[in-house]
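[1] Sequence first, then the predicted structure:
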Amino acid sequence: MNISSIGNQIGVPAELSSPQPVSEDQRTLVQAVKAVNAAELFGQDNELTFILDRQSKRMLTRIVNRNTGDVVMQIPPEYVVRLAEEIKGG
């Protein structure tokens, strides 16, 4: 797992990820994600990631193929995120 990208993948927007101290919760999350990925619980080619959806401002959990970058699974699914945005806007 590429640790350099974790700051943005655990939900810190790029414009805010400059020199802010890492919280204990973030440090714990990073360690847990590293342990899960090292154990290859989602397969040898997949890794667990967390990202902030910029449009909805919601945290997403994804299983991503390390080789291709393809999203294997996402929680909540993309259609649920977009449906929530439609409901919120309407």
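    Ah, there it is.
[2] Which residue would you name as the spatial centre of this protein?
    F50 (1.3 Å; Cα atoms, centre = their mean).
[3] Correct me if wrong: that residue contacts I63.
    No. Using Cβ atoms under 8 Å, F50 makes no contact with I63, being 11.1 Å away. C-betas here are computed from N, CA, C, even on glycine.
[4] Now E40: closest residue in space, sequence neighbours ignored.
    Using Cβ to Cβ, 6 or more residues apart in numbering and skipping the chain neighbours, the partner closest in space to E40 is N46 (8.0 Å).
[5] repeat for P76
    In space, and not counting its chain neighbours, P76 is closest to L60: 7.2 Å by Cβ to Cβ, 6+ apart.
[6] now swap in F42 and tell me
    What sits nearest to F42 in space, not counting adjacent residues and going by Cβ to Cβ, 6+ apart, is I63, at 5.0 Å.
[7] same thing with Q55?
    For Q55, ignoring the flanking residues on the chain, the nearest one in space by Cβ to Cβ, 6+ apart is E85 at 6.7 Å.
[8] Tell me, how many residues neighbour the one you found?
    Other residues lying near E85 total 15 when counted by other Cβ atoms under 10 Å.
[9] Fine by me, we can end here.
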